[in-house]
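Novice: Below: sequence and its predicted model.
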Amino acid sequence: MTPFVVDASVVIKWLLPEVHSGAARSVLADDHTLMAPDLLWAELGNALWKRLRSGEITTEDARDLLRDFRRFPVVTTPIVTLIDAALEIAAHLDKTVYDSLYLALALGKRCRLVTADRRLYNALKRGPLASTLVWVEDVA
């Protein structure tokens, strides 16, 4: 099993149809060990709230999607164990602590972060953490 950290940009694509949803679902369907900081829950909730506000989904839909996600095979790590490393990464790379929590977990677990966040990917794909990052469509 290949370990990966997945960020919220990938996870939301498991639940709702978006560009790159097929590739995101293949990360879920393939033989991978999936991890994320427990920040994922807040980011997922916020993404669903945005869809709720825009009228794309109902409150009931949002609740159902969160309930469904509880069954997904993603092991979460408390952010309190990652925050020191994430702050260092954020300061060094001028990235948010939120994104840096995912990077800190990937570095700590010696695996790669799968993202569908184009801005994050483009900002890091040629830097010192390029080997830690993989675009969702490029997971083999």
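Specialist: Done, it's in.

Novice: use CA for all of it now, contacts and neighbours both
Specialist: OK.

Novice: any idea which helix or strand carries the nearest residue to Ser100 once chain neighbours are set aside?
Specialist: Nearest in space to Ser100, with sequence neighbours left out and distances taken as Cα to Cα, 6 or more residues apart in numbering, is Ala86 at 4.7 Å. In this assignment (DSSP states H and E), Ala86 forms part of helix 83-93.

Novice: immediately after that helix, which helix or strand?
Specialist: helix 97-109.

Novice: Show me the contact partners of the helix or strand just after that next one.
Specialist: Once the chain leaves helix 97-109, the next helix or strand it forms, by DSSP H and E, is strand 112-115. For strand 112-115, the external contacting residues (Cα atoms under 8 Å, 6 or more residues apart in numbering) are 3-10, 102-103, 106, 121, 131-136, 139.

Novice: repeat for stretch 29-43
Specialist: With contact meaning Cα under 8 Å, 6+ apart, stretch 29-43 is reached by 1-8, 28, 73-79, 82, 98, 101-102, 105.

Novice: re earlier: out of the contacts of strand 112-115, which are buried?
Specialist: 3-10, 102-103, 106, 121, 132-136 (16 or more other Cα atoms under 10 Å).

Novice: Okay, and which of those map to strands?
Specialist: 3-6, 133-135 (DSSP state E).

Novice: between the least confident helix or strand in the chain by mean pLDDT and strand 2-6, how many degrees?
Specialist: Using mean pLDDT, DSSP states H and E, the weakest-scoring helix or strand in the chain turns out to be helix 21-29, at a mean of 91. Using axes from the mean of the first three to the mean of the last three Cα atoms, to 10 degrees, the direction of helix 21-29 lies 130 degrees away from that of strand 2-6.

Novice: After helix 21-29, which helix or strand is next?
Specialist: With DSSP H and E, the next secondary element past helix 21-29 is strand 32-37.

Novice: I appreciate the help and will end here.
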